[in-house]
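The following comprises the amino acid sequence and a computationally predicted model.
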Protein chains: 2
Amino acid sequence: MLSQKAKYAMRALIYLAKARDDKADTPPVGIAEIAAKQAVPRKFLELILLELKRHGLVQSYRGKHGGYALAKAPEGIYFGDVIRLIDGPLAQLPCASLTAYRRCADCEDEATCAIRHVLKQVRDASAGILDRTSLSDVLDGRSGGMVMGDGI
Amino acid sequence: MLSQKAKYAMRALIYLAKARDDKADTPPVGIAEIAAKQAVPRKFLELILLELKRHGLVQSYRGKHGGYALAKAPEGIYFGDVIRLIDGPLAQLPCASLTAYRRCADCEDEATCAIRHVLKQVRDASAGILDRTSLSDVLDGRSGGMVMGDGI
DNA sequence: TAAAATCTCTATAGGGTTAATAGAGAATAT
DNA sequence: ATATTCTCTATTAACCCTATAGAGATTTTA
């Protein structure tokens, strides 16, 4: 399951991307505004935005008229990165992860482990979608990036 | 993440499938044997097998020489079913699930929800793999069923 | 019939994670 | 200066995951 936190993070980022889309000159958006418009608990959102900032996805400005803005173009912010950041690896098993591989403690023979093999395929398919879908793919109702088979 | 419980369940089922493969006449396999050979806590495995039985994946026999056996051919037992049974829906959001759809409580407009749209694609891709890979696809080192692109 | 082996079932408990809240601190604009 | 805003550390309540315990029911065998 996607955590509530990751969902809030995505909502905030999409909101920031839209704010940027609306005007050429983008002033920072305050936490309070994002929280109110996206139905996210304000104090919780503070933590999330701070984390996004520390990982370079958003920029912050303090003081009056301060707030948050995307740190890079929406084209460069991918679902996969956000989810990894908040919820950890996309793979459903550590041993099936590409970016955060760890051996399973109780694994007898990784090479022939069927569970690993199948879940690695699932990971690759998921990452194939999430690492190719960016905020920009999602801004105007379109979503899913260059993925085939979604009926468009 | 795949729960430990689901991992144990898969291990037990694969073990039972192999036991069946070895001899034409398959006697039931005791919990104790599965637990020992697959490094699964015995009492925990009891709960798991009971659950698998209630859902019709395995059969049980009581008394001396009792134990468990698959309730159907390995060809008919899919990864997707087992994971759904133990861990719940494959989708990472209730609103992206096909078999267990639920609206998100705080969703403003589901039709245009980008998060939902993307995670639905991920679900479909995952289910496409997990619902086509059965125990039989995995018995002899082969794994992954009729899925393309895994280098075989 | 008694004993042994095995599955069945309900209850419970410890540890970790998640979601959220609180409150003091630091920076900035006016 | 003062108001506004982000920054940071702590804390908490609820929940879920993993596992264990123990009594009960069923079947085989002697």
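Yep, it's here.

who touches A:R62 in this structure?
A:R62 makes contact with no residue, according to Cβ atoms under 8 Å, 6 or more residues apart in numbering or on different chains. Using the backbone N, CA and C atoms, a C-beta is placed for each residue, glycine as well.

mind checking how far it is from A:Q38?
Relative to A:Q38, A:R62 is positioned 21 Å away (Cβ to Cβ, to the nearest Å).

go on, A:E51?
Taken as Cβ to Cβ, the span from A:E51 to A:Q38 is 16 Å.

downstream neighbour of the helix or strand harbouring A:I14 in the secondary structure list?
Using DSSP states H and E, A:I14 maps to helix A:4-22. For helix A:4-22, the following helix or strand on the C-terminal side (DSSP H and E) is helix A:31-38.

what about the helix or strand just after that next one, near DNA strand D?
Using DSSP H and E, the next helix or strand after helix A:31-38 towards the C-terminus is helix A:42-54. Yes: Helix A:42-54 is in contact with DNA strand D by Cβ under 7 Å from any atom of the strand, via A:43, A:46-47, A:49-50, A:53-54.

what does stretch A:76-90 give?
No: judged by Cβ under 7 Å from any atom of the strand, stretch A:76-90 stays clear of DNA strand D, getting no closer than 14.1 Å.

CA-only coordinates of that stretch in CSV, if you can.
Extracted C-alpha coordinates of stretch A:76-90, given in CSV (Å, rounded to 0.1, in the frame of the first residue of the first chain):
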residue,chain,number,x,y,z
GLY,A,76,12.2,16.1,-13.9
ILE,A,77,10.1,14.9,-11.0
TYR,A,78,9.1,11.2,-11.2
PHE,A,79,6.5,9.3,-9.3
GLY,A,80,9.1,6.6,-8.6
ASP,A,81,11.5,9.0,-6.9
VAL,A,82,8.8,10.4,-4.6
ILE,A,83,7.5,7.0,-3.6
ARG,A,84,11.0,5.7,-2.9
LEU,A,85,11.8,8.7,-0.9
ILE,A,86,8.8,8.4,1.4
ASP,A,87,7.9,4.7,1.4
GLY,A,88,11.2,3.1,0.4
PRO,A,89,12.0,0.7,-2.4
LEU,A,90,9.4,0.0,-5.1
